[in-house]
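Engineer: what's the 3D shape of this:
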Amino acid sequence: MGYQLVKADAKKLFGQWAGQWDVYAPKRMEGEGCFSDTDVVRYGRVYSLEEIEWEKKSDYSFKEVLLPINETLFYFTEEETSVPKGPEKEILVFLRACDGHAVKRLDEIYLKNGFEDFYYRRIREKVSFILMGCPSTCDSGFCASMGTNRWEEYDAYIKPDGDMVFFDIKKEALAKTLAKDFAACASCTVVPDFAGENKEKVTLPKNLSNQSFSLPIWKEYGDRCIGCGRCNFVCPTCTCFSMQDIFYRDNANVGERRRVWASCQIDGYTEMAGGHEYRKSQGERMRFKVMHKIYDYKKRFGVPMCVGCGRCDDVCPEYISYSHCVNRLAKEGQADEE
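Structural biologist: Residues are numbered from 1 along each chain as shown. The predicted model follows:
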(Lines give C-alpha, C1' and ligand atoms only; values in the text may rest on other atoms or scores of the structure.)
Protein backbone atom coordinates (compact mmCIF):
# COMPACT_ATOMS: atom_id res chain seq x y z
CA MET A 1 0.00 0.00 0.00
CA GLY A 2 1.37 3.42 -0.95
CA TYR A 3 1.18 6.51 1.23
CA GLN A 4 2.49 10.04 1.26
CA LEU A 5 3.25 12.09 4.34
CA VAL A 6 4.49 15.60 4.81
CA LYS A 7 8.05 15.52 6.08
CA ALA A 8 7.11 16.59 9.61
CA ASP A 9 4.71 13.65 9.99
CA ALA A 10 7.24 11.30 8.38
CA LYS A 11 9.78 12.33 11.01
CA LYS A 12 7.28 11.51 13.77
CA LEU A 13 6.50 8.15 12.20
CA PHE A 14 10.17 7.29 11.90
CA GLY A 15 10.71 8.28 15.52
CA GLN A 16 8.05 5.75 16.53
CA TRP A 17 9.73 3.07 14.43
CA ALA A 18 13.11 3.88 16.00
CA GLY A 19 11.57 3.38 19.42
CA GLN A 20 9.94 0.06 18.55
CA TRP A 21 12.72 -1.37 16.38
CA ASP A 22 16.51 -1.10 16.25
CA VAL A 23 16.99 0.75 12.97
CA TYR A 24 20.20 0.45 10.95
CA ALA A 25 20.95 2.48 7.84
CA PRO A 26 23.88 3.95 5.91
CA LYS A 27 25.03 7.12 7.64
CA ARG A 28 27.83 9.56 6.90
CA MET A 29 30.54 9.43 9.54
CA GLU A 30 32.51 12.63 9.29
CA GLY A 31 36.28 12.44 9.55
CA GLU A 32 36.29 8.64 9.82
CA GLY A 33 37.40 7.87 6.27
CA CYS A 34 40.84 6.70 5.11
CA PHE A 35 42.21 10.17 5.85
CA SER A 36 41.46 12.57 8.67
CA ASP A 37 39.67 14.97 6.36
CA THR A 38 37.51 12.39 4.58
CA ASP A 39 34.17 10.86 5.49
CA VAL A 40 32.95 7.28 5.25
CA VAL A 41 29.42 6.00 4.70
CA ARG A 42 28.72 2.84 6.64
CA TYR A 43 25.94 1.25 8.63
CA GLY A 44 25.01 2.29 12.15
CA ARG A 45 22.03 2.85 14.44
CA VAL A 46 19.85 5.76 13.32
CA TYR A 47 17.09 7.55 15.17
CA SER A 48 15.89 10.03 12.54
CA LEU A 49 15.43 10.29 8.78
CA GLU A 50 18.02 13.07 8.65
CA GLU A 51 20.79 10.72 9.77
CA ILE A 52 20.36 8.48 6.74
CA GLU A 53 22.63 8.98 3.74
CA TRP A 54 20.20 8.74 0.82
CA GLU A 55 22.39 9.85 -2.06
CA LYS A 56 25.77 8.11 -1.83
CA LYS A 57 26.15 4.36 -1.92
CA SER A 58 27.49 3.07 1.39
CA ASP A 59 31.21 2.27 1.40
CA TYR A 60 30.50 -0.77 3.61
CA SER A 61 27.50 -3.06 3.25
CA PHE A 62 24.66 -3.94 5.62
CA LYS A 63 26.35 -7.31 6.26
CA GLU A 64 27.71 -6.42 9.69
CA VAL A 65 24.14 -6.17 11.03
CA LEU A 66 23.41 -9.82 10.20
CA LEU A 67 26.98 -11.02 10.66
CA PRO A 68 28.73 -9.07 13.42
CA ILE A 69 32.41 -8.48 12.71
CA ASN A 70 33.27 -9.99 16.08
CA GLU A 71 30.61 -12.34 17.50
CA THR A 72 30.82 -14.32 20.74
CA LEU A 73 29.42 -17.80 20.15
CA PHE A 74 29.69 -19.06 23.70
CA TYR A 75 31.42 -18.57 27.02
CA PHE A 76 33.26 -21.45 28.67
CA THR A 77 34.67 -22.52 31.99
CA GLU A 78 36.34 -25.79 32.95
CA GLU A 79 32.95 -27.41 33.48
CA GLU A 80 30.31 -25.73 31.33
CA THR A 81 29.49 -23.51 28.40
CA SER A 82 26.79 -20.87 27.96
CA VAL A 83 25.45 -19.16 24.84
CA PRO A 84 24.94 -15.37 24.98
CA LYS A 85 21.48 -13.99 24.34
CA GLY A 86 20.52 -12.87 20.87
CA PRO A 87 18.93 -9.53 19.98
CA GLU A 88 15.81 -8.77 21.97
CA LYS A 89 14.22 -6.14 19.72
CA GLU A 90 13.12 -6.45 16.12
CA ILE A 91 15.48 -4.85 13.59
CA LEU A 92 14.89 -2.65 10.54
CA VAL A 93 17.66 -2.44 7.93
CA PHE A 94 17.69 0.12 5.11
CA LEU A 95 19.33 -1.16 1.93
CA ARG A 96 19.35 -0.89 -1.85
CA ALA A 97 18.21 -3.47 -4.41
CA CYS A 98 21.63 -5.06 -4.97
CA ASP A 99 22.06 -5.55 -1.22
CA GLY A 100 18.58 -7.05 -1.05
CA HIS A 101 19.79 -9.76 -3.41
CA ALA A 102 22.88 -10.15 -1.23
CA VAL A 103 20.58 -11.15 1.65
CA LYS A 104 19.46 -14.10 -0.47
CA ARG A 105 23.09 -15.14 -0.97
CA LEU A 106 23.77 -15.02 2.78
CA ASP A 107 20.61 -17.04 3.44
CA GLU A 108 21.78 -19.71 1.00
CA ILE A 109 25.11 -20.03 2.79
CA TYR A 110 23.91 -19.92 6.40
CA LEU A 111 20.41 -21.43 6.18
CA LYS A 112 20.25 -23.66 3.09
CA ASN A 113 23.72 -25.11 2.81
CA GLY A 114 23.15 -28.43 4.52
CA PHE A 115 22.57 -26.97 7.98
CA GLU A 116 21.15 -23.88 9.66
CA ASP A 117 23.54 -21.59 11.45
CA PHE A 118 21.91 -20.94 14.83
CA TYR A 119 23.54 -17.56 15.39
CA TYR A 120 22.72 -16.21 11.94
CA ARG A 121 19.14 -17.50 12.06
CA ARG A 122 18.25 -15.90 15.38
CA ILE A 123 19.28 -12.49 14.05
CA ARG A 124 17.83 -13.02 10.57
CA GLU A 125 14.39 -13.91 11.95
CA LYS A 126 14.16 -10.52 13.63
CA VAL A 127 15.19 -8.43 10.61
CA SER A 128 12.89 -6.57 8.23
CA PHE A 129 14.20 -4.65 5.23
CA ILE A 130 13.43 -1.13 4.06
CA LEU A 131 14.26 -0.55 0.41
CA MET A 132 16.11 2.62 -0.61
CA GLY A 133 15.61 3.61 -4.23
CA CYS A 134 18.30 4.13 -6.85
CA PRO A 135 17.06 6.94 -9.12
CA SER A 136 20.44 6.86 -10.90
CA THR A 137 23.23 4.35 -11.23
CA CYS A 138 26.48 4.57 -9.28
CA ASP A 139 29.77 4.83 -11.16
CA SER A 140 31.25 1.45 -10.24
CA GLY A 141 28.12 -0.68 -9.90
CA PHE A 142 27.10 -3.26 -12.49
CA CYS A 143 23.90 -4.57 -10.89
CA ALA A 144 22.01 -4.57 -14.21
CA SER A 145 24.55 -7.01 -15.66
CA MET A 146 24.05 -9.27 -12.63
CA GLY A 147 20.24 -9.00 -12.70
CA THR A 148 20.17 -7.47 -9.21
CA ASN A 149 19.04 -3.93 -10.02
CA ARG A 150 15.44 -4.73 -9.08
CA TRP A 151 14.25 -6.25 -5.79
CA GLU A 152 10.63 -6.75 -4.76
CA GLU A 153 10.99 -8.69 -1.50
CA TYR A 154 11.18 -5.60 0.69
CA ASP A 155 9.01 -4.99 3.77
CA ALA A 156 8.72 -1.27 3.05
CA TYR A 157 10.03 1.29 0.61
CA ILE A 158 10.74 4.90 1.58
CA LYS A 159 11.46 7.82 -0.71
CA PRO A 160 11.97 11.40 0.55
CA ASP A 161 11.06 13.88 -2.16
CA GLY A 162 11.14 17.57 -1.28
CA ASP A 163 8.61 18.32 1.46
CA MET A 164 6.98 14.90 1.08
CA VAL A 165 7.99 11.37 1.98
CA PHE A 166 6.50 8.44 0.07
CA PHE A 167 6.00 4.97 1.53
CA ASP A 168 5.15 1.57 0.09
CA ILE A 169 4.53 -0.66 3.09
CA LYS A 170 4.10 -4.43 2.95
CA LYS A 171 4.90 -5.40 6.55
CA GLU A 172 1.74 -5.39 8.63
CA ALA A 173 3.38 -4.13 11.84
CA LEU A 174 4.76 -1.09 10.01
CA ALA A 175 1.45 -0.42 8.29
CA LYS A 176 -0.44 -0.59 11.61
CA THR A 177 1.72 2.18 13.06
CA LEU A 178 0.95 4.36 10.07
CA ALA A 179 -2.79 3.64 10.11
CA LYS A 180 -3.09 4.18 13.88
CA ASP A 181 -1.37 7.54 14.27
CA PHE A 182 -1.52 9.00 10.77
CA ALA A 183 -4.98 8.01 9.60
CA ALA A 184 -5.30 11.20 7.56
CA CYS A 185 -2.31 10.39 5.35
CA ALA A 186 -3.09 10.27 1.66
CA SER A 187 -2.89 6.93 -0.10
CA CYS A 188 -1.26 6.81 -3.50
CA THR A 189 0.60 4.56 -5.88
CA VAL A 190 4.28 4.38 -4.98
CA VAL A 191 6.70 2.68 -7.36
CA PRO A 192 10.32 2.16 -6.22
CA ASP A 193 13.16 3.76 -8.15
CA PHE A 194 15.42 1.09 -9.61
CA ALA A 195 18.67 1.62 -11.47
CA GLY A 196 18.46 0.98 -15.18
CA GLU A 197 21.48 0.61 -17.43
CA ASN A 198 24.83 0.91 -15.65
CA LYS A 199 27.88 2.75 -16.89
CA GLU A 200 29.91 -0.34 -15.96
CA LYS A 201 28.92 -3.49 -17.82
CA VAL A 202 30.02 -7.05 -17.10
CA THR A 203 29.79 -10.18 -19.22
CA LEU A 204 29.83 -13.41 -17.23
CA PRO A 205 31.67 -16.41 -18.68
CA LYS A 206 29.29 -19.23 -19.54
CA ASN A 207 31.72 -22.12 -19.92
CA LEU A 208 35.27 -21.74 -18.65
CA SER A 209 38.10 -23.80 -20.06
CA ASN A 210 40.67 -25.64 -17.95
CA GLN A 211 43.23 -23.12 -19.19
CA SER A 212 41.36 -20.35 -17.38
CA PHE A 213 43.07 -21.42 -14.15
CA SER A 214 46.50 -20.58 -15.56
CA LEU A 215 45.70 -17.39 -17.47
CA PRO A 216 48.28 -14.57 -17.33
CA ILE A 217 45.69 -12.26 -15.76
CA TRP A 218 46.09 -13.95 -12.37
CA LYS A 219 49.78 -13.08 -12.22
CA GLU A 220 49.07 -9.57 -13.48
CA TYR A 221 46.54 -8.90 -10.75
CA GLY A 222 48.57 -10.84 -8.19
CA ASP A 223 51.60 -8.59 -8.76
CA ARG A 224 49.44 -5.58 -7.89
CA CYS A 225 47.39 -6.99 -5.00
CA ILE A 226 48.82 -6.25 -1.54
CA GLY A 227 46.57 -8.74 0.27
CA CYS A 228 44.82 -6.22 2.51
CA GLY A 229 41.42 -7.95 2.33
CA ARG A 230 39.44 -4.72 2.00
CA CYS A 231 37.50 -6.11 -0.97
CA ASN A 232 36.20 -8.95 1.22
CA PHE A 233 35.24 -6.73 4.14
CA VAL A 234 33.12 -4.33 2.07
CA CYS A 235 31.51 -7.10 0.01
CA PRO A 236 27.91 -7.91 1.03
CA THR A 237 28.24 -11.59 0.09
CA CYS A 238 31.67 -12.61 1.46
CA THR A 239 31.11 -14.97 4.38
CA CYS A 240 34.58 -16.20 5.40
CA PHE A 241 35.38 -16.21 9.09
CA SER A 242 37.88 -17.61 11.59
CA MET A 243 37.44 -18.85 15.15
CA GLN A 244 39.29 -17.35 18.11
CA ASP A 245 39.37 -18.67 21.66
CA ILE A 246 39.89 -15.84 24.13
CA PHE A 247 41.19 -16.69 27.61
CA TYR A 248 40.71 -14.13 30.35
CA ARG A 249 43.77 -12.76 32.10
CA ASP A 250 42.32 -13.01 35.60
CA ASN A 251 41.40 -16.69 35.10
CA ALA A 252 43.07 -18.68 32.33
CA ASN A 253 40.46 -21.44 32.65
CA VAL A 254 37.60 -19.15 31.62
CA GLY A 255 37.01 -17.49 28.27
CA GLU A 256 34.92 -17.25 25.15
CA ARG A 257 34.90 -18.44 21.57
CA ARG A 258 34.42 -15.78 18.92
CA ARG A 259 33.57 -15.88 15.24
CA VAL A 260 35.57 -13.13 13.52
CA TRP A 261 35.47 -11.93 9.92
CA ALA A 262 38.33 -13.24 7.78
CA SER A 263 39.53 -12.79 4.22
CA CYS A 264 40.63 -15.30 1.60
CA GLN A 265 43.05 -12.63 0.32
CA ILE A 266 45.24 -12.27 3.41
CA ASP A 267 48.29 -14.21 4.58
CA GLY A 268 47.58 -17.12 6.87
CA TYR A 269 43.98 -17.72 5.82
CA THR A 270 44.75 -21.10 4.22
CA GLU A 271 47.45 -22.11 6.71
CA MET A 272 46.83 -25.57 8.16
CA ALA A 273 48.08 -27.51 11.16
CA GLY A 274 51.67 -28.57 10.51
CA GLY A 275 52.48 -25.41 8.58
CA HIS A 276 51.14 -26.37 5.16
CA GLU A 277 49.54 -23.50 3.24
CA TYR A 278 47.86 -23.49 -0.13
CA ARG A 279 47.05 -20.51 -2.38
CA LYS A 280 50.20 -18.72 -1.24
CA SER A 281 50.40 -16.17 -4.04
CA GLN A 282 48.05 -13.22 -4.37
CA GLY A 283 47.26 -14.28 -7.93
CA GLU A 284 45.99 -17.67 -6.71
CA ARG A 285 43.87 -15.94 -4.07
CA MET A 286 42.46 -13.52 -6.60
CA ARG A 287 41.60 -16.41 -8.91
CA PHE A 288 39.84 -18.26 -6.09
CA LYS A 289 37.76 -15.23 -5.13
CA VAL A 290 36.67 -14.39 -8.66
CA MET A 291 35.91 -18.01 -9.60
CA HIS A 292 33.88 -18.51 -6.45
CA LYS A 293 31.86 -15.34 -6.99
CA ILE A 294 30.83 -15.96 -10.58
CA TYR A 295 31.30 -19.67 -11.25
CA ASP A 296 31.46 -22.08 -8.29
CA TYR A 297 28.59 -20.53 -6.33
CA LYS A 298 26.44 -20.36 -9.46
CA LYS A 299 26.97 -24.06 -10.19
CA ARG A 300 25.66 -24.89 -6.72
CA PHE A 301 22.90 -22.34 -6.15
CA GLY A 302 21.94 -21.27 -9.67
CA VAL A 303 22.92 -17.58 -9.44
CA PRO A 304 26.27 -15.78 -9.18
CA MET A 305 27.38 -14.87 -5.67
CA CYS A 306 28.37 -11.37 -6.78
CA VAL A 307 25.51 -8.84 -6.87
CA GLY A 308 27.37 -6.10 -8.76
CA CYS A 309 27.46 -3.45 -6.03
CA GLY A 310 30.96 -2.31 -7.12
CA ARG A 311 32.24 -1.69 -3.58
CA CYS A 312 35.35 -3.83 -4.13
CA ASP A 313 36.39 -1.61 -7.05
CA ASP A 314 35.78 1.50 -4.95
CA VAL A 315 37.84 0.41 -1.96
CA CYS A 316 40.88 -1.24 -3.55
CA PRO A 317 44.06 0.77 -2.75
CA GLU A 318 45.74 -0.64 -5.86
CA TYR A 319 42.80 0.20 -8.14
CA ILE A 320 42.25 -3.41 -9.13
CA SER A 321 38.91 -3.64 -10.91
CA TYR A 322 36.99 -6.82 -10.19
CA SER A 323 34.53 -6.02 -12.99
CA HIS A 324 37.32 -5.67 -15.53
CA CYS A 325 38.80 -8.94 -14.30
CA VAL A 326 35.51 -10.74 -14.89
CA ASN A 327 35.25 -9.29 -18.39
CA ARG A 328 38.77 -10.43 -19.18
CA LEU A 329 38.01 -13.89 -17.82
CA ALA A 330 34.92 -14.12 -20.03
CA LYS A 331 37.02 -13.16 -23.04
CA GLU A 332 40.25 -15.06 -22.38
CA GLY A 333 39.02 -18.07 -20.42
CA GLN A 334 35.95 -19.04 -22.41
CA ALA A 335 35.92 -22.64 -23.62
CA ASP A 336 35.30 -23.23 -27.30
CA GLU A 337 31.76 -24.36 -28.04
CA GLU A 338 31.53 -27.72 -29.68
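Engineer: just the helices in this structure please.
Structural biologist: Taking DSSP state H as the test, the helices found in the chain are 7-20, 63-66, 97-111, 118-124, 143-146, 172-181, 216-224, 230-234, 282-291, 297-301, 311-315, 322-332.
Engineer: how does this protein divide into domains?
Structural biologist: For the chain, automatic domain parsing gives the domain ranges 2-67+86-187, 210-241+263-332.
Engineer: Adding mean pLDDT and mean neighbour count, write these out as TSV.
Structural biologist: C-betas here are computed from N, CA, C, even on glycine. What follows is those, written out as TSV (pLDDT from 0 to 100; neighbours: other C-beta atoms under 10 Å):
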stretch	mean pLDDT	mean neighbour count
domain 2-67+86-187	91	17
domain 210-241+263-332	93	18
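Engineer: Rebuild the ones you listed as a markdown table, extending it with distance to residue 201.
Structural biologist: Shown next, in a markdown table, are these (distance: least, C-beta to C-beta, whole Å):
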| stretch | distance to residue 201 |
| --- | --- |
| domain 2-67+86-187 | 5 |
| domain 210-241+263-332 | 8 |
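Engineer: Relative to residue 204, which of these is closest?
Structural biologist: Of all these, the one in closest proximity to residue 204, counting by C-beta to C-beta, is domain 210-241+263-332 (5.6 Å).
Engineer: so how far is that closest one from its chain's centroid?
Structural biologist: 16 Å (C-alpha atoms, centre = their mean, to the nearest Å).
Engineer: Of all the domains of the chain, which one comes closest to residue 198?
Structural biologist: Closest approach to residue 198 among those (C-beta to C-beta): domain 2-67+86-187, 4.8 Å.
Engineer: Over to the closest one now: how far is its first residue from its last?
Structural biologist: End-to-end distance of domain 2-67+86-187 (C-alpha to C-alpha, to the nearest Å): 6 Å.
Engineer: Same question for stretch 15-28.
Structural biologist: With C-alpha to C-alpha as the measure, stretch 15-28 spans 19 Å from end to end.
Engineer: Report pLDDT for the nearest residue to residue 295 once chain neighbours are set aside.
Structural biologist: Nearest residue to residue 295 in three dimensions, chain neighbours excluded: residue 208, at 6.3 Å (C-beta to C-beta, 6 or more residues apart in numbering). Per-residue confidence (pLDDT) for residue 208: 85.
Engineer: Could you export the helices of the chain to a markdown table, including columns for distance to residue 261?
Structural biologist: Formatted as a markdown table, these follow (distance: least, C-beta to C-beta, whole Å):
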| stretch | distance to residue 261 |
| --- | --- |
| helix 7-20 | 27 |
| helix 63-66 | 8 |
| helix 97-111 | 13 |
| helix 118-124 | 13 |
| helix 143-146 | 23 |
| helix 172-181 | 31 |
| helix 216-224 | 23 |
| helix 230-234 | 6 |
| helix 282-291 | 15 |
| helix 297-301 | 19 |
| helix 311-315 | 15 |
| helix 322-332 | 19 |
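Engineer: nearest to residue 85, of those?
Structural biologist: Taking the helices of the chain one by one with C-beta to C-beta, helix 118-124 is closest: 9.3 Å.
Engineer: got a list of contacts for that closest one?
Structural biologist: Residues outside helix 118-124 that contact it (C-beta atoms under 8 Å, 6 or more residues apart in numbering): 65-67, 71, 73, 86-87, 91, 106-107, 110-111, 259.
Engineer: and which of these is nearest to residue 295?
Structural biologist: Once C-beta to C-beta is applied, the member of the contacts of helix 118-124 that ends up nearest residue 295 is residue 106, at 19.0 Å.
Engineer: residues contacting that closest one?
Structural biologist: Residue 106 makes contact with 63, 66-67, 120, 236-237, 239, according to C-beta under 8 Å, 6+ apart.
Engineer: can you do 10 Å?
Structural biologist: Shown in contact with residue 106 (C-beta atoms under 10 Å, 6 or more residues apart in numbering): 62-63, 66-67, 117, 120, 124, 236-239.
Engineer: try residue 196
Structural biologist: When contacts are counted by C-beta under 10 Å, 6+ apart, residue 196 touches 134-137, 144, 149-150.
Engineer: Including distance to residue 334, could the residues you listed go into a markdown table?
Structural biologist: Formatted as a markdown table, the contacts of residue 196 follow (distance: C-beta to C-beta, whole Å):
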| residue | distance to residue 334 |
| --- | --- |
| 134 | 31 |
| 135 | 35 |
| 136 | 32 |
| 137 | 27 |
| 144 | 21 |
| 149 | 25 |
| 150 | 28 |
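Engineer: Looking at these, spot the one nearest residue 8.
Structural biologist: Distances from residue 8 to the contacts of residue 196, taken by C-beta to C-beta, are shortest for residue 135, at 23.4 Å.
Engineer: If we ignore the residues flanking it in sequence, what's nearest that closest one?
Structural biologist: Nearest to residue 135 is residue 193, by C-beta to C-beta, 6+ apart, at 4.3 Å.
Engineer: Give me the distance between residue 24 and residue 51.
Structural biologist: Counting by C-beta to C-beta, to the nearest Å, the gap from residue 24 to residue 51 is 11 Å.
Engineer: Show me whatever sits in contact with both of those two.
Structural biologist: Listed as contacting both residue 24 and residue 51 by C-beta under 10 Å, 6+ apart are 44-45.
Engineer: Many thanks, we can stop here.
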